[in-house]
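Novice: I would like to see how this sequence folds:
(one chain, ligands or ions: 2)
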Amino acid sequence: MRVLVVGNGAREDALSWRIAQSPSCDAIFAAPGNAGTASRGENWDVSATDGKAIVQRSRDERIDLVMLGPETAIAAGVGDRLREAGIPVVGPNRSAGRLESSKIFAKRFMQRHDIPTARAQIVHSLEACLKVLSEWQGPVVVKADGLAAGKGVVVTPSPRAAHAVLEQWYSSGVPGGGNDVLLEEALVGREISLFAVCDGRAVAPFGTACDYKRAGDGDTGPNTGGMGAYSPPLGFPDELEDAVRERVLAPLLRGLLAEGEEYIGILYCGLMWCEDGPQVIEFNVRFGDPEAQVLMPRITGDLAALLRTIADGAMDLSLASFSPRSCVGVVLATAEYPQRSTPLHGLSPDVSLPDGCHAFWGGSTVRDGAVAASGGRVLTVTALGDDAAQARERAYDSVSQLASRFGAAALTYRSDIAKPAMSQ
Ligand code: AMP
Ligand code: GLY
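Specialist: Ligands and ions are numbered 1, 2, ... in the order given. This next block holds a predicted model:
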């Protein structure tokens, strides 16, 4: 098979890396790709959101399967364009993609189909927010409706603090645009990302991971796209997967079918494991970043073949599965991330590491043998181990090696990814 991965982050580098090793994959392409995808296949100078150009080039290159990485491609309708052209694609159409691109759509969908989720009020103006907050007790989670690259959610300790956020949003612009905001009760529990695969007719869990969203050690500092992850998560009960299957995935699929939405792709359930079981914090319609970077090294079998059966509406889960080994991933970011993404130039494309360890590139290009990184999350360094402790030790050894190759000052990272106190 000739496989195209759409996107340019470390998630797409990890997907391309694992797909390229699949026995059924003959050639790998990326649109637009990055320094990592360029090292094993061809990068196309085509934007991840340009459905027309992706279809055209996929036809020219006789692509057999397209894997959509980022939500921006799905929200731009790239899945719709590829399906219209008869090109097999993993990633839902724009309409089902609203599960991620509109938090209000997702909340109403969950309410219609009895999927457990935090209680919420939908509001469209500062006046309406103030009215709701005047009757609110305790913490408030303030969420912008649209895609806002990780900047659209603020967990506040009180209605007063929520008020301050909303005043700022309504004066300088709600992140992601528009006026629609969700005010949500704060859930108490432990967070876990559960992934599922869906071929339009059936849905099945496909991997779990824990993501570290805050910039600083000890979960301090601002929210980011994710500063590290590990898989499988520690300290969750064995019944988690069955509970999510029964209370989240089954009603979700029933709801999608009842509403005429065909969902072919990866579904990411951002969950809070609470006293009485799972509550959905959010749905995303793709793999997570950095979760994909710690899931891909654990996959055995033929991922490309599995993805093709998903795209064809007849998924065969026996084609690929997860090894019981642990994987830990640490993100190396530029110093001012997430406030600013400072570009870096002249980096060595050689990020080779010992067996079982891997470094995946974030947004980057290669020219004249040197890498220019767009900044922010520059690399995700991952390591496999027999357990999380061993994987963690190997991952941080690799981080030290790379940080010294790149010069200590340029990149920062969290030092507590998968640290026992942070992961139990
Ligand atoms: P999101 O952008 O939806 O992933 O939200 C970012 C982060 O905000 C999540 O990973 C959670 O840590 C936190 N969060 C969102 N909604 C809630 C909630 N209802 N209760 C507690 N934390 C939340
Ligand atoms: N790691 C969070 C996300 O991909 O949205």
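Novice: what sits up against stretch 314-322?
Specialist: 22, 197, 199, 202, 204, 206-207, 232, 295, 298-303, 305-306, 309 (Cβ atoms under 8 Å, 6 or more residues apart in numbering). C-beta here means a position set from N, CA and C on the backbone, and glycine is covered the same way.
Novice: now swap in stretch 27-44 and tell me
Specialist: 2-10, 12-13, 16-17, 19-20, 45-48, 54, 57, 61, 63, 349, 351, 360-366, 371, 373.
Novice: can you select the buried ones from those residues in PyMOL?
Specialist: Typed into PyMOL, the line below selects the buried ones among the contacts of stretch 27-44, using 16 or more other Cβ atoms under 10 Å:
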select buried, resi 2+3+4+5+6+7+8+9+10+12+13+16+17+19+20+46+47+48+54+57+63+351+360+361+362+363+364+365+366+371+373
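Novice: what about the contacts of stretch 27-44, which are in strands?
Specialist: Judged by DSSP state E, strands contain the following of the contacts of stretch 27-44: 2-7, 360-361, 364-366, 371, 373.
Novice: between these, which sits nearest ligand 1?
Specialist: residue 7 (18.5 Å; Cβ to the nearest ligand atom).
Novice: centre of the chain versus the biggest helix by length in the chain, how much separation?
Specialist: For the chain, the helix with the greatest residue count under DSSP state H is helix 388-406. Centroid separation for helix 388-406 versus its chain: 22 Å, with Cα atoms, centre = their mean, to the nearest Å.
Novice: so for that helix, what gets flagged as buried?
Specialist: 388, 390-392, 394-396, 398-399, 401-403, 406.
Novice: can you list the helices and strands that it packs against?
Specialist: Applying 3 or more Cβ pairs under 8 Å, 6 or more residues apart in numbering; DSSP states H and E, we find helix 388-406 packed against strand 228-231, strand 326-334, strand 357-361, strand 377-385.
Novice: contacts only, for residue 371.
Specialist: Residues in contact with residue 371 (Cβ under 8 Å, 6+ apart) are 35, 346, 347, 348, 349, 361, 364, 365.
Novice: make CSV from the residues you listed and add pLDDT and distance to ligand 2 to it.
Specialist: As requested, the contacts of residue 371 are exported to CSV (pLDDT from 0 to 100; distance: Cβ to the nearest ligand atom, whole Å):
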residue, pLDDT, distance to ligand 2
35, 97, 20
346, 88, 29
347, 89, 24
348, 88, 27
349, 90, 25
361, 97, 16
364, 97, 18
365, 97, 22
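Novice: near ligand 1, from those?
Specialist: Taking Cβ under 6 Å from any ligand atom as the test, ligand 1 is in contact with none of these.
Novice: of these, closest to residue 117?
Specialist: residue 361 (34.9 Å; Cβ to Cβ).
Novice: next SSE downstream of the longest helix of the chain?
Specialist: For helix 388-406, the following helix or strand on the C-terminal side (DSSP states H and E) is strand 411-412.
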